[in-house]
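Chemist: Sequence first, predicted coordinates after that:
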Amino acid sequence: MNVKKVSIEFFAILLAAVVSVPLYLIIINSFKSNSEILLTPLAFPSFSVGFTNITRAFEKMDILHPYATTLSIAGIAVGIGIFFSSLAAYAVARIRHRLFTNLYWVYMAGIMIPIQSALIPLVFLLRGFGLNNTLFGISIVYTAIISPFAIFVFSGFMKTIPKDLEESAYIDGCSPFRAFFQIIFPLIKPVTATLIILQFIYVWNDLLLPLVLVSTRDYPTVSIALYKFFGSRGQVDFSLLFGGISLVLFPILVLFFSFQRFFVKGLAAGAVKG
């Protein structure tokens, strides 16, 4: 018996069980009444409530509108961010010049800047460009937030790809852009899928920027719709809250399980090649 292997597997199972506790609580409490949640939050539900909590939350949140708003913001931000981040990372990883070396560290500085410290300048900047209280305006802000990390991951992975692949293409008359889209981009698909999932979850769950940059009445995101379940004095119907959490969580689970194969490949590629 390999003691080391068994120990690693046991630790992995234990860690997975601990991480799964919040998901377990959300699922079981979505089928309980408010009193049952307060008295026995960890117990398995009797299912006497059925899907009432979820249907009530669906109606109160008017969930289709928040779904559409958040999907629009996340789609624009992640799409633009991933596309231009991959191009910027390609330049940083392949072009040996002081300018691109300095730009790389500028990008890395963006990871360390807390967005909370830039909220006031962001509001005035968006207002100056006429982008305040617009989906495109907040999407561009998210693009700027997620791009530095994406560039960091992309560039680290691209540096491990042999340059011989591109040099052979250049000999055949291939341009740098064509080499990137036909040779490099297919090789980074697992990493791209991983970044799409991680960045989409960040935008989907964020509460701060929608509260500050857009009108919560005109553009309610799923996090804002869920936040409205909390009363002014901290009073909340937990059965309704857990039903809303289930609605907010459902698209994320669908996205993850749809791209799970690419997500695992991306993590493995990063671990081996990073």
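Modeler: Perfect, thanks for sending it.
Chemist: How is residue 48 assigned, secondary-structure-wise?
Modeler: Put simply, residue 48 is coil when judged by DSSP: H, G, I helix; E, B strand; the rest coil.
Chemist: Please report how far it lies from residue 197.
Modeler: According to CB to CB, to the nearest Å, residue 48 stands 36 Å off from residue 197. The C-beta positions use only the backbone N, C-alpha and C, and glycine is treated the same way.
Chemist: between the two, who's got more neighbours?
Modeler: Neighbours per residue (other CB atoms under 10 Å) separate residue 48 from residue 197, with residue 197 holding more: 20 against 10.
Chemist: From residue 127, how far off is that one?
Modeler: Counting by CB to CB, the gap from residue 197 to residue 127 is 33 Å.
Chemist: elements contacting the helix or strand encompassing residue 195?
Modeler: Residue 195 is part of helix 189-205 when elements are defined by DSSP states H and E. Here helix 189-205 touches helix 64-94, helix 135-158, helix 222-227, helix 238-258, helix 260-273, going by 3 or more CB pairs under 8 Å, 6 or more residues apart in numbering; DSSP states H and E.
Chemist: want to throw these into TSV with mean pLDDT?
Modeler: Below are the helices and strands packed on helix 189-205 laid out as TSV (pLDDT from 0 to 100):
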stretch	mean pLDDT
helix 64-94	92
helix 135-158	91
helix 222-227	90
helix 238-258	88
helix 260-273	55
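Chemist: pLDDT weak spots in the stretch 101-250 of the chain?
Modeler: For the stretch 101-250 of the chain, residues meeting the criterion pLDDT under 70 lie at 231-234.
Chemist: where does the closest residue to residue 134 other than its chain neighbours fall, phi/psi-wise?
Modeler: Using CB to CB, 6 or more residues apart in numbering and skipping the chain neighbours, the partner closest in space to residue 134 is residue 214 (7.4 Å). In terms of degrees, to the nearest 10, the main-chain angles of residue 214 are phi -130, psi 160.
Chemist: separation between residue 214 and residue 69?
Modeler: On the measure of CB to CB, residue 214 and residue 69 end up 9 Å apart.
Chemist: Find residues that contact each of these two.
Modeler: residue 135 (CB atoms under 8 Å, 6 or more residues apart in numbering).
Chemist: before we move on, back to that, out of the helices and strands packed on helix 189-205, which gets nearest to residue 58?
Modeler: helix 238-258 (6.2 Å; CB to CB).
Chemist: got the contact list for the closest one?
Modeler: Outside helix 238-258, the residues that touch it by CB under 8 Å, 6+ apart are 23, 26-27, 29-30, 32-34, 37-38, 49, 52-58, 60-61, 63, 67, 71, 197, 200-201, 204, 222-223, 225-226, 229-230, 263.
Chemist: Good, wrapping up.
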